[in-house]
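Enquirer: Sequence first, then the predicted structure:
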Amino acid sequence: MNDDTNEVRPDQAGGAEAAAGPEWKPVNRASTYELVIDAVEEQIMAGSLGVGDPLPAERDLATKLGVSRASVREALRVLDSLGVVRSSGGSGRGAGTFIAAMPSAALTRFLRLHVALTNFSIDDVTETRIQLERSSAILAATRADKDALAEVNAQLAMMDTPGISLETFNDADTAFHVAIAQAAGNQLFSDLTGAIRTSLRKSIFSSFSRVDDQQALMAKLQAQHHGIMHAITAGRAEEAAALTEEHIRFAASRLPGLSDT
């Protein structure tokens, strides 16, 4: 029979475990690929696996866990889509499956899908965004240098462009808020801010398209952007945070459909 479909019994695993490295224990015979994922997560949480560490080869991991290679293969596909592992083909030191840091793209995809499925309400997303961006504004005002703020200014300049299209303005608006989070020096804030804002991109653009006087609203939002940036540059942290919250709440109140109330 094809070993891709046969389960390997724990008593057939055989072979001595390596002296060092993660300890893999067979999972329940009735388990599916979710339990393989749980086994990998357990090793990560225990500190036995970290970013850059390799997983055993597919056949070896199936043997260690007492599951089919098909189950391992499906688990690795899921972990890859989540940004937890990365796989490289071929042979040599760079080949195989490795633990990877979660990229922003995976986090963005997760939030975008769950926002679309209304698992997170728009109001919940907005409140979370406010808390994140208030913190980012405070940190940027207290510790960002000129180089870190250069990207923020670049996005401001883009939005100042006469006759800018709504789509370009919307993208630069997103980049402006993400750049502030990056200037704050906190990668998690940056990734979460980017993921939340990107998950709302289509909703914001669609709402903006239904506004009667788009140019007037764009001008008001841009004036608020400049106010936030001025407070950050001047080192007025609390003012920058307050202006950021005011800006986000104002936009949510003026854009149709960006509030559950």
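Expert: Done, it's in. Numbering: from 1, shown residues only.
Enquirer: mind giving me the domain split of the chain?
Expert: 32-99, 104-254 (automatic domain parsing).
Enquirer: Leaving out chain neighbours, which residue sits closest to Ser87?
Expert: Excluding its sequence neighbours, the residue lying closest to Ser87 (Cβ to Cβ, 6 or more residues apart in numbering) is Thr97, at 4.7 Å. All C-beta atoms are positioned from the backbone trio N, CA, C, and that covers glycine.
Enquirer: how about the domains of the chain in a markdown table, adding mean pLDDT, distance to Glu23 and mean neighbour count?
Expert: Below are the domains of the chain laid out as a markdown table (pLDDT from 0 to 100; distance: least, Cβ to Cβ, whole Å; neighbours: other Cβ atoms under 10 Å):
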| stretch | mean pLDDT | distance to Glu23 | mean neighbour count |
| --- | --- | --- | --- |
| domain 32-99 | 88 | 7 | 16 |
| domain 104-254 | 91 | 28 | 17 |
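Enquirer: got those domains as JSON lines, with distance to Gly21 columns?
Expert: Listed next are the domains of the chain as JSON lines, based on distance: least, Cβ to Cβ, whole Å:
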{"stretch": "domain 32-99", "distance to Gly21": "7"}
{"stretch": "domain 104-254", "distance to Gly21": "26"}
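Enquirer: from what I can see Ile204 touches Leu255, true?
Expert: Yes. With contacts counted by Cβ atoms under 8 Å, Ile204 reaches Leu255, the gap being 6.4 Å.
Enquirer: Now the terminal residues of stretch 98-108, how far apart.
Expert: 21 Å (Cα to Cα, to the nearest Å).
Enquirer: Centre of the chain to it, how far?
Expert: 7 Å (Cα atoms, centre = their mean, to the nearest Å).
Enquirer: which other residues reach that stretch?
Expert: 44, 49-55, 81-88, 190-192, 194-195, 198-199 (Cβ atoms under 8 Å, 6 or more residues apart in numbering).
Enquirer: go with 6 Å
Expert: Stretch 98-108 has contacts (Cβ atoms under 6 Å, 6 or more residues apart in numbering) with 49, 51, 53-54, 82-83, 85-86, 191, 194-195, 198.
Enquirer: swap in stretch 238-258?
Expert: By Cβ under 6 Å, 6+ apart, stretch 238-258 touches 126, 130, 133-134, 137-138, 141, 207, 210, 217, 224, 227-228, 231-232, 259.
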